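**Q** Sequence isn't available, so here's the structure alone:
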C-alpha cells in the first residue's frame with residue numbers, strides 16, 4: 001500500500017492535515033485512533049519503507065530543544081529521515097527563546113523556512129506561542145503541561161500487548177501527577193480505557209485535567225480514579241506506569257520528593273496487587289531503585305523498551321498526517 005492510497009479515501013486522516021498537536025485533547029477519539037492505525041501500518045510494513053520515504057520528501061523539521069532528550073531527538077530525527085525529510089536540531093544557545101529572540105519572531109522565521117516545527121520546552125506558553133504565530137504544523141514534544149507524543153507511543157504499546165483497542169483493561173499511573181499523567185488521563189479516558197492514578201497528597205494531577213478526563217470516562221462508561229493510595233490505584237491493573245519523581249528543572253526538590261514518594265515506588269510488592277500478567281511501563285529515563293526497582297524494570301513483563309521504540313512509529317504517523325501535501 002502507498003501512503004497516497006491510504007490517505008486519499010480517508011476523511012479522518014485528511015482532517016489532520018496542516019494541524020498542530022499541542023494538547024492530547026486537540027485530537028478527537030477517531031483522530032487518535034487514526035494516528036495509531038497509521039503508526040501500525042508503517043511499523044509493520046503495510047506501507048513499506050520505500051513508500052514511506054515519499055511521504056515528506058524534501059521537507060524539513062525544525063527541532064527546538066530547551067530540554068535535552070535521548071528518545072525525543074533520536075525518534076524525531078530518525079522519523080523525519082525515514083519519511084524522506086531532514087531534521088535540524090536547534091539548541092537553546094542557537095535560539096534563546098524569549099531572551100535572544102521572541103517566540104513570535106522565531107515562529108515566523110521557522111514557518112517561512114521549514115515545514116514542521118517540533119518543540120521540547122519548559123513552558124506550555126512557549127509551544128502555544130509557536131503555534132499561534134506559525135502557519136506550519138507545530139508539535140508539542142513536551143512542555144510542563146503535557147507530553148502528547150509520549151502517550152501516543154504508550155497507547156500504541158498497550159494495544160500491541162493487551163489487544164488492539166485497549167478495551168476492558170485498567171491502566172494505572174503511579175507517582176507525580178505531572179505532564180505525562182495529564183496526557184495519559186486524556187488519551188485513556190477518550191479511548192475508553194479504565195484509568196487510575198495514585199499520587200501523594202499535594203502532587204495530584206491538576207483539577208482541570210481530572211475533570212475533563214472524568215467527563216470523557218463517564219461518556220465512555222469507564223472508570224476514572226484519582227487517589228493518594230497507591231495500592232488502591234494498582235489493584236487489578238493490567239498496566240502499571242511510573243515516571244521520575246523529580247522532572248528536569250525540579251532537581252532541587254529531589255531529596256524532599258524522595259521522602260514524600262517513598263511509598264509510591266513500583267516494586268515487586270506493589271506489582272503484586274496488579275494482575276499476574278500486568279505489564280510495567282516507564283517513559284524513561286528511569287532512576288533505577290528510586291521510582292522503580294531493577295527487579296520490576298528488568299522483569300519479563302516490562303515493556304519499557306517497546307514503548308521507547310514506539311516513539312519513532314507514533315511520531316512518524318503524527319508528522320506524516322500533519323505535514324503531508326497530498
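**A** Perfect, thanks for sending it. Note that the structure is predicted; figures quoted are calculated from it, not measured.

**Q** For the stretch 201-326 of the chain, which residues score under the pLDDT cut-off?
**A** 248-249 (pLDDT under 70).

**Q** all helices for it, in order.
**A** Counting by DSSP state H, counting those that start in this stretch, the stretch 201-326 of the chain has helices at residues 207-220, 230-234, 254-260, 268-271, 294-297, 304-323.

**Q** Please identify the most buried of those helices.
**A** Among these, the stretch with the highest mean neighbour count (mean count of other CB atoms under 10 Å) is helix 304-323, at a mean of 24. Glycine gets a C-beta too; all of them are placed from N, C-alpha and C.

**Q** who does residue 139 bridge with?
**A** residue 21, residue 118 (DSSP bridges).

**Q** list the contacts for it?
**A** By CB atoms under 8 Å, 6 or more residues apart in numbering, residue 139 lies in contact with 20, 21, 116, 117, 118, 119, 149, 315, 318, 319, 322.

**Q** okay, now the domains of this protein?
**A** Domain ranges of the chain: 3-146+310-323, 148-307, per automatic domain parsing.

**Q** still on that earlier bit, out of the helices of the stretch 201-326 of the chain, flag the one nearest residue 50.
**A** Closest approach to residue 50 among the helices of the stretch 201-326 of the chain is made by helix 304-323 (14.5 Å; CB to CB).

**Q** Mind giving me the packing neighbours of that closest one?
**A** Secondary-structure packing of helix 304-323 (3 or more CB pairs under 8 Å, 6 or more residues apart in numbering; DSSP states H and E): helix 29-43, helix 70-82, strand 116-120, strand 138-140, helix 148-162, strand 279-282.

**Q** Please pull up the helix or strand immediately following the strand or helix carrying residue 94.
**A** In this assignment (DSSP states H and E), residue 94 forms part of helix 92-95. Downstream of helix 92-95, the next assigned helix or strand under DSSP H and E is helix 103-113.

**Q** elements contacting that following helix?
**A** So helix 103-113, by 3+ CB pairs under 8 Å, 6+ apart, packs with strand 60-65, strand 116-120, helix 124-132.

**Q** quick one: contacts of the last one?
**A** For helix 124-132, the external contacting residues (CB under 8 Å, 6+ apart) are 20, 22, 64, 66, 97-98, 103-104, 106-107, 110, 117, 119, 121, 138, 140, 143-146.

**Q** And the average pLDDT for it is what?
**A** For helix 124-132, the mean per-residue pLDDT is 98.

**Q** Check which residues of it are buried.
**A** By neighbour count with 16 or more other CB atoms under 10 Å, helix 124-132 contains the buried residues 124, 126, 127, 128, 129, 130, 131.

**Q** ok, back up a step: between the helices of the stretch 201-326 of the chain, which gets nearest to residue 33?
**A** Taking CB to CB, helix 304-323 is the member of those nearest to residue 33, at 11.1 Å.

**Q** quick one on the thing from earlier: using TSV, lay out the helices of the stretch 201-326 of the chain together with distance to residue 158.
**A** What follows is these, written out as TSV (distance: least, CB to CB, whole Å):
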stretch	distance to residue 158
helix 207-220	16
helix 230-234	16
helix 254-260	27
helix 268-271	17
helix 294-297	17
helix 304-323	9
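
**Q** Let me know which of these is the nearest to residue 72.
**A** Among these, helix 304-323 sits nearest to residue 72 (CB to CB), with 7.4 Å.

**Q** From the chain's centroid, how far away is the closest one?
**A** On the basis of CA atoms, centre = their mean, to the nearest Å, helix 304-323 sits 9 Å off its chain's mean C-alpha point.

**Q** Also stretch 160-171?
**A** 17 Å.

**Q** count of neighbours near the closest residue to residue 3 other than its chain neighbours?
**A** Excluding the flanking residues, the one nearest residue 3 by CB to CB, 6 or more residues apart in numbering is residue 55, at 4.8 Å. Residues near residue 55, counting by other CB atoms under 10 Å, number 27.
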